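> Predicted structure and sequence below. I'll ask about it afterward.
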Amino acid sequence: MKRIICTLLSAWLLSGCGDSPSDQEPADAADQRAKVEEGQADDSAFKQVPRNRTLIMDCAESGTCAGQIQDYNSFNPYLPETTTRTGYNFVFEPLYFYNAFEGKLIPWISTKHRFNDAYTEVEITIRRGVQWSDGMPWTAHDLVFTINMLKDNAPLLSYSTDMKNWVREAVAVDSLTARIALTAPNPRFVFSYFTHNFGNGVPIMPKHVWEGQAPDTFENFDPQKGWPVFSGPYKLVLSTPQQRIWDLRPGWWAAAIGFQALPKVERIIYLPYMEEAKRVQNLITNHIDTCLDLRPPNILTVLDRNPRVTTWTGREPPYGYVDFWPISLGFNNLEAPFSDVDVRRAINHAIDRAQLVEVGWQGAGTSTLLPFPAYPALRPYFSEVEDLLEQYQVGVFDLAKSAALMKSMGWQRPEGGYWTKDGTPFKMVIDIASIFQDITPVLVAQLERAGFDADFRNTPDNYTRMSHGTARAFISGHGGSVRDPYFTLRLYHSRFVQPTGTPAEYFWRWQNEEFDRIVDQMAGIAPRDPQLVQLYRQAMQIWLAELPSIPLLQWYHRIPHNQTYWRNWPSQYSPYINSAYWHRVWLLVLLNLQPTQG
């Protein structure tokens, strides 16, 4: 690739404090012409779009976007360690969306689906008139191709292990009907994999582009060929290491058939990942419209300095909503000392969750003893295991209990020192992302007070370290259940375990055959079947006894909504969807935003 020239936003983004940007977008036609010639953009990049019709944010991934967008010349959504969520999460449309706040399923590309009585086969009906961005019809053949491609390439691609585990056969009956035969009963199959909710959902690819390609290496990016091809209402007009720009695509199928109106947002700009202090500065001066969730002191600063910024809860605590991602202290459970359940339990007793909230989050949040988000549909499951939580003392902060467990395993602690065994000190380094920088120092101080020689490491490669298991301890969330507990418990199934050094789709690396058996049974039980509760209790009896990870906090998305240029953001009063722009439901926000000016 030739040298990258000046970026479109050079006059917008501040190097220091400055005045608000003008309403007209600065652009250098010569620079843009060079980008067109280099294949990074098309001619529509020359279109002048006013600032008040443009939505600006930074990339969500520090590992692949810090300093520059590393995948600017690729667009393969199945490679989690290398793919940024700067477009694929909203231009590859799903069969359905799901709103966890309202418990509502939203048909999209599919109009309906029907299981057989045994939940071993499902027939899916595709909406008539759906098209890909190149004008080709979106058909059942695309859905079937995607399923079979993933199944044939397990475990290399995201969701491929699941497709191999669950799909016996996928066929297109005709262009608008797909039939999927499953290996075992699974009444959640469509919901779990082809219903976009939060960060969940399988992207579906156009068969006519991906057929014959090696999906683990296919870049899916060639502007001269019109790639990437997708179905959503935007087109990629510029992609460089400095920015990725999407412009409104008037020919979107949903507008053409009267299913949806075109979004009012005419241009979307993704910038490289910013450190939080820079996000705060750009929000105060209206240079960006939203960003990753902020730490409590920073969201307070933004609200104080810019009266046009609000949040899910307005300008009141907790300044956000509960995400589907409750966080735990996780371990590589294949490796000593964390392979020992008593070590994990000793660490659990050393943690004061209330202090994590009060000190780390300034009281703006809640703790959790379970790896599930506190959504209305899931709350009954919390009460079902209250006795087990008490039995296994998961919520008990007690340094004496922690010490007793360590001593029972032969660990010794000199007064004022750290635990040692056979002359080796107990050292643990907790790998984290930058979003945990507020709570992790508090956690480390608690562990050190209990005699563990603890520290933390925040590096751009934290995801890779967790995936490969070289991170022996880490903080991460559970992108799992929103309706019933199965989908989170499935994350701990041994089929996802990979040896240390081999990438794993989920990082927990814990194995229990009886737990696997129960979770497999849960998969075949419908969400409203009373038997599901019984199996859930059996699974949690094992999980809470073994404690493969230590639940810490409900995760809050304290996402700023800048209303200078855009209004009608989601809120607790209008919870039409969550507002995380890196999630797979972001399209619904784009469809609902309204311009504040004009």
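In hand now; what should we look at? Just so we're clear, the structure is a prediction, and the values are computed from it rather than from any experiment. Numbering: from 1, shown residues only.
> So which residues make contact with the helix or strand where residue 590 lies?
Per DSSP states H and E: residue 590 is located in helix 586-592. Identification of contacts with helix 586-592 by CB atoms under 8 Å, 6 or more residues apart in numbering yields 55, 89-91, 93, 97, 106, 232-233, 260-261, 263, 265, 268, 568-570, 576-577, 579-581. C-beta here means a position set from N, CA and C on the backbone, and glycine is covered the same way.
> Would you check how far apart residue 394 and residue 494 are?
Look at residue 394 and residue 494: by CB to CB, to the nearest Å, they are 22 Å apart.
> mind listing what the closest residue to residue 255 other than its chain neighbours touches?
In this structure, residue 255 finds its nearest non-sequential neighbour in residue 262, 4.8 Å apart by CB to CB, 6 or more residues apart in numbering. Neighbouring residues of residue 262 by CB under 8 Å, 6+ apart: 233, 248, 250, 252, 255.
> Now, these that are in strands?
Cross-referencing these against strands under DSSP state E gives residue 248.
> Can I get the contacts of residue 262 in TSV including distance to residue 462, neighbour count and pLDDT?
Below are the contacts of residue 262 laid out as TSV (distance: CB to CB, whole Å; neighbours: other CB atoms under 10 Å; pLDDT from 0 to 100):
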residue	distance to residue 462	neighbour count	pLDDT
233	34	26	98
248	35	20	98
250	41	10	96
252	37	22	98
255	41	15	98
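> Just the contacts of residue 262: which are in helices?
residue 255 (DSSP state H).
> Need the CA coordinates for the helix holding residue 590. CSV is fine.
What follows is helix 586-592, C-alpha atoms only, in CSV (Å, rounded to 0.1, in the frame of the first residue of the first chain):
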residue,chain,number,x,y,z
TRP,A,586,-26.2,-0.8,16.4
LEU,A,587,-28.3,-0.6,13.2
LEU,A,588,-31.4,0.0,15.3
VAL,A,589,-29.8,3.0,16.9
LEU,A,590,-28.8,4.4,13.5
LEU,A,591,-32.4,4.0,12.3
ASN,A,592,-33.8,5.9,15.3
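> chain center to it: distance?
Relative to its parent chain, helix 586-592 has a centroid offset of 17 Å by CA atoms, centre = their mean, to the nearest Å.
> Any idea how many residues pack against residue 531?
Residues near residue 531, counting by other CB atoms under 10 Å, number 12.
> I meant residue 420, not that one.
Neighbourhood size, residue 420 [other CB under 10 Å]: 15.
> Then residue 410?
8.
> What of residue 315?
13.
> can I assume it is in contact with residue 300?
No - using CB atoms under 8 Å, residue 315 is not in contact with residue 300; the gap is 9.4 Å.
> tell me, what's touching those two both at once?
Among the neighbours of residue 315, none is also in contact with residue 300 (CB under 8 Å, 6+ apart).
> pLDDT weak spots in this protein?
1-46 (pLDDT under 70).
> From the recorded domain assignment, give the ranges for it.
With domains defined by automatic domain parsing, the chain comprises 29-75+232-292+561-595, 96-210, 324-554.
> Quick one: end-to-end distance for the second one.
End-to-end span of domain 96-210 (CA to CA, to the nearest Å): 22 Å.
> how many other residues sit next to residue 79?
Around residue 79 there are 17 other residues, counting by other CB under 10 Å.
> can you check residue 441 too?
13.
> what's the answer for residue 591, then?
As a burial measure, residue 591 scores 18 neighbours (other CB under 10 Å).
> cool, residue 361 as well?
For residue 361, the count of nearby residues is 22 (other CB under 10 Å).
> residue ranges for the helices of the stretch 51-200 of the chain, please.
Under the criterion DSSP state H, counting those that start in this stretch, helices of the stretch 51-200 of the chain are mapped to 62-65, 88-91, 140-152, 160-166, 189-194.
> quick one, strands of the stretch 151-300 of the chain?
In the stretch 151-300 of the chain, the strands defined using DSSP state E, counting those that start in this stretch lie at 167-174, 177-182, 195-196, 234-240, 243-248, 267-271.
> Surely residue 514 is in contact with residue 542?
Yes - with contact defined as CB under 8 Å, residue 514 reaches residue 542; the gap is 6.1 Å.
> which of the two has more neighbours?
In terms of neighbours (other CB under 10 Å), residue 542 is the more surrounded of residue 514 and residue 542; the figures are 17 against 11.
> need the longest helix for this protein.
Secondary structure of the chain per DSSP H: the longest helix is helix 530-546.
> list the buried ones in the next helix-or-strand element following that helix?
Counting by DSSP H and E, the element after helix 530-546 in chain order, helix or strand, is strand 549-553. Neighbour counts over strand 549-553 (16 or more other CB atoms under 10 Å) mark 549-553 as buried.
> Make JSON lines from these and add distance to residue 239 to it.
Converted to JSON lines, those look like this (distance: CB to CB, whole Å):
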{"residue": "549", "distance to residue 239": "37"}
{"residue": "550", "distance to residue 239": "40"}
{"residue": "551", "distance to residue 239": "39"}
{"residue": "552", "distance to residue 239": "37"}
{"residue": "553", "distance to residue 239": "36"}
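> just these now: which is nearest residue 564?
Nearest to residue 564, judged by CB to CB, of the buried residues of strand 549-553 is residue 553 at 31.4 Å.
> hang on, the earlier thing: winner for burial among the strands of the stretch 151-300 of the chain?
Among the strands of the stretch 151-300 of the chain, strand 195-196 has the highest mean neighbour count (mean count of other CB atoms under 10 Å), at a mean of 27.
> List the neighbouring strands of it plus their orientation.
Partner strands for strand 195-196, per DSSP bridges, with pairing direction: strand 96-99 (parallel).
> Could you export stretch 252-269 as CSV, CA atoms only?
Below are the C-alpha coordinates for stretch 252-269, written out as CSV (Å, rounded to 0.1, in the frame of the first residue of the first chain):
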residue,chain,number,x,y,z
TRP,A,252,-31.1,-0.2,0.7
TRP,A,253,-33.5,-3.0,0.2
ALA,A,254,-35.6,-2.2,3.4
ALA,A,255,-36.3,1.3,2.2
ALA,A,256,-37.1,0.0,-1.3
ILE,A,257,-39.8,-2.4,-0.1
GLY,A,258,-41.2,-0.1,2.5
PHE,A,259,-40.0,-2.1,5.5
GLN,A,260,-37.9,0.7,7.0
ALA,A,261,-37.1,4.3,6.3
LEU,A,262,-33.6,5.3,5.5
PRO,A,263,-31.5,6.5,8.4
LYS,A,264,-31.1,10.2,8.9
VAL,A,265,-27.4,9.7,9.6
GLU,A,266,-25.7,10.3,6.2
ARG,A,267,-22.1,9.6,7.2
ILE,A,268,-20.5,7.5,9.9
ILE,A,269,-16.8,8.0,10.7
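> just use 26 as the starting number from now, easier for me
Happy to do that; since the first residue is 26 now, the last one works out to stretch 277-294.
> Just give me how far it sits from the chain centre.
In terms of CA atoms, centre = their mean, the centre of stretch 277-294 is found 24 Å from the chain centre.
> same thing with stretch 155-171?
25 Å.
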